[in-house]
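In: show me how the following folds:
(one chain, ligands or ions: 1)
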Amino acid sequence: MKVLMVCLGNICRSPLAEGILTAKARAAGLSWQIDSAGTGGYHIGEPPHSLSQKVAAIHGIDISSQRCRQFRAADMNEFDRIYVMDSDNYQEVKRISGDLWNPDKVVLILNELMPGTNDTVPDPWYGTEKDYHHVFGLLSDACDRIIEKYHTV
Ligand code: 4NP
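Out: Just a heads-up that it's a prediction; the model follows:
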């Protein structure tokens, strides 16, 4: 299975989601391909935010080699599932995808944890380390559900 994690900047939330799901898939013996991207192009080529790197490292996950890239329409064909963090990300993925838009592939990631709630993974960009820990916890729980749900794919 090929999974893409998407947020706005690809600097705080989706790099954590990529690192967490990669670690959990590996631990479960799954050969999934996992990547992340941002709908905005503000930070292309940059590593994840230092607090995302720090919080991941506290949990034994190294995301330092990730580099920011922007979501592109071809990703809609390339990936089997595309997880977004909030409804703005959803609308932007839809807009950028154009004719390639496939709503069956795109899911608010917290709906895997709390189906039907359309909850948001809060953007920690202006926050403190505590906010990054909160985001890590939400994404880790959601990724556990994703592994449970799709481990046979
Ligand atoms: P992210 O957070 O979407 O979780 O990566 C943000 C990072 C950067 C910006 C916004 C959100 N920015 O405006 O530069």
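In: helix, strand, or coil at the residue of the chain most remote from its centre?
Out: Outermost residue of the chain with respect to the C-alpha centroid, by CA atoms, centre = their mean, is Asp99; its distance is 22.9 Å. Asp99 falls in the helix class when you classify it by DSSP: H, G, I helix; E, B strand; the rest coil.
In: contacts only, for it.
Out: With contacts taken as CB atoms under 8 Å, 6 or more residues apart in numbering, Asp99 has the following neighbours: Ala73. Just so you know, the C-beta spots here come from the backbone N, C-alpha and C atoms, and that holds for glycine as well.
In: recalculate using a threshold of 10 Å.
Out: With contact set as CB atoms under 10 Å, 6 or more residues apart in numbering, Asp99 has these partners: Ala73, Met76.
In: and Met85, how far from the ligand?
Out: Here Met85 is placed at a distance of 7 Å from the ligand (CB to the nearest ligand atom, to the nearest Å).
In: ok, now how distant is the closest residue to that residue other than its chain neighbours from Asp141?
Out: Computed as CB to CB, 6 or more residues apart in numbering, the closest residue to Met85 that is not its neighbour in sequence is Val121, at 4.0 Å. Remark: distance between Val121 and Asp141 (CB to CB, to the nearest Å) = 11 Å.
In: same question, Leu16
Out: With distances defined as CB to CB, the gap from Leu16 to Asp141 amounts to 13 Å.
In: who in the protein is up against the ligand?
Out: Residues of the chain found near the ligand (CB under 6 Å from any ligand atom) are Cys7, Leu8, Gly9, Asn10, Ile11, Cys12, Arg13, Gly38, Tyr42, Asp123, Trp125.
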